[in-house]
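J.: Return atomic coordinates for the entry below.
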Amino acid sequence: MNLLLLCAALVAIAVNAPASALDEEADAVGQWLQQRAMHAAAQANPSPVGSYRIVRLADLDAPEAVKQRLRADIKRAKDVVQVAEGNIPTQAEMLAALPRTHRSASELRQRLPQPPSTLEGSLLGPAELIGMEPSGRLDGGTSSGLSRFYRLEGVGIVEFSENNFIAAGTQIEMIAEAQNTRVNGTPAHIGKTVDSVGRTRVELAWMGGSKTYSLIATGESGSDVERHARVLHHIAAAIVD
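T.: Residues are numbered from 1 along each chain as shown. Alright, predicted model coming up:
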């Protein structure tokens, strides 16, 4: 069965909009995504191989209410999104919930469709590896992706996730206007969030030849969100496949 993933603005809902309006917009987007997923699942000859394409918002096959919501999210993504306390976890909360499993390179090669990305040349190379867990499509002891969690001094907790969308059979649509930065010349999206007590979350997402990638940095109160964004760019540029 084909899977459908829409890569939109990837930002939090703005807290200054009326709750009822947000609920209506979210319902419209959710219903549309569900319809797209059901349509993909009902195809007579679904492709087992994943693919992706970049589409302009104006050309997206979606109701106008959905496009309005996506336009608003894309506009908000240009700035730092302000959220209430509790929306971004503390370092203690994250450390209590994160996996502690460590797997060897040889074991990961057996469990993944291709060897995991090499991080040794990046800032995560010497950082403390907290743990890792499978992600993407799970099939017994194998998976199409891997998430690794690090404690990076001066930043906080950094999650690096990679997923082989080709092996997973995922059909991906990326909205052109939502890509607001670049990684090694490739269109990418970065979102920056700060809560009311100063905790930060920065997410950088991009595509490779056969993988989707994301880096998420979560910092404690007083963190510099712009510096963390630069750090993620440096890490992304040094990842090798």
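J.: C-alpha from now on. contacts and neighbour counts both.
T.: Will do.
J.: Can you report how many residues neighbour residue 64?
T.: Neighbour count for residue 64, taken as other C-alpha atoms under 10 Å: 12.
J.: Residue 126 too?
T.: If you count neighbours by other C-alpha under 10 Å, residue 126 ends up with 12.
J.: surely it meets residue 120?
T.: Yes - applying C-alpha atoms under 8 Å, one finds residue 126 in contact with residue 120, separated by 7.2 Å.
J.: Would you map the helices across this protein?
T.: Assigned by DSSP state H, the chain shows helices spanning 19-41, 64-76, 91-97, 105-111, 165-168, 225-238.
J.: Out of the ones you listed, the one nearest residue 155 is which?
T.: The minimum distance between residue 155 and the helices of the chain falls on helix 225-238, with 6.5 Å, by C-alpha to C-alpha.
J.: mean confidence for the closest one?
T.: The predicted model assigns helix 225-238 a mean pLDDT of 98.
J.: mind listing what's buried in that helix?
T.: With burial defined by 16 or more other C-alpha atoms under 10 Å, the residues of helix 225-238 counted as buried are 225, 228-229, 231-233, 235-236, 238.
J.: Go through the residues you listed and say which is closest to residue 190.
T.: The closest of the buried residues of helix 225-238, once distances to residue 190 are taken by C-alpha to C-alpha, is residue 229, at 7.8 Å.
J.: which ones are touching the closest one?
T.: 190, 192, 202-204 (C-alpha atoms under 8 Å, 6 or more residues apart in numbering).
J.: Okay, and which of these map to strands?
T.: Counted as lying in strands by DSSP state E, out of the contacts of residue 229, are 190, 192, 202-204.
J.: what's near enough to touch the residue nearest to residue 153 when sequence neighbours are not counted?
T.: Among residues not flanking residue 153 along the chain, residue 127 sits closest, at 7.6 Å (C-alpha to C-alpha, 6 or more residues apart in numbering). Listed by C-alpha under 8 Å, 6+ apart, the contact partners of residue 127 are 150-153.
J.: try residue 50
T.: 2, 165-172.
J.: Please identify, among those residues, the one with the most neighbours.
T.: Of the contacts of residue 50, with other C-alpha under 10 Å as the count, residue 165 tops at 25 neighbours.
J.: What's the separation between the most centrally placed residue in the chain and residue 111?
T.: In the chain, the centroid-proximal residue (C-alpha atoms, centre = their mean) is residue 214; its distance is 4.7 Å. As for residue 214, its distance to residue 111 is 20 Å (criterion: C-alpha to C-alpha, to the nearest Å).
J.: same deal with residue 182?
T.: Between residue 182 and residue 111 the distance, using C-alpha to C-alpha, works out to 30 Å.
J.: Residue 65 now?
T.: In terms of C-alpha to C-alpha, residue 65 sits 42 Å off from residue 111.
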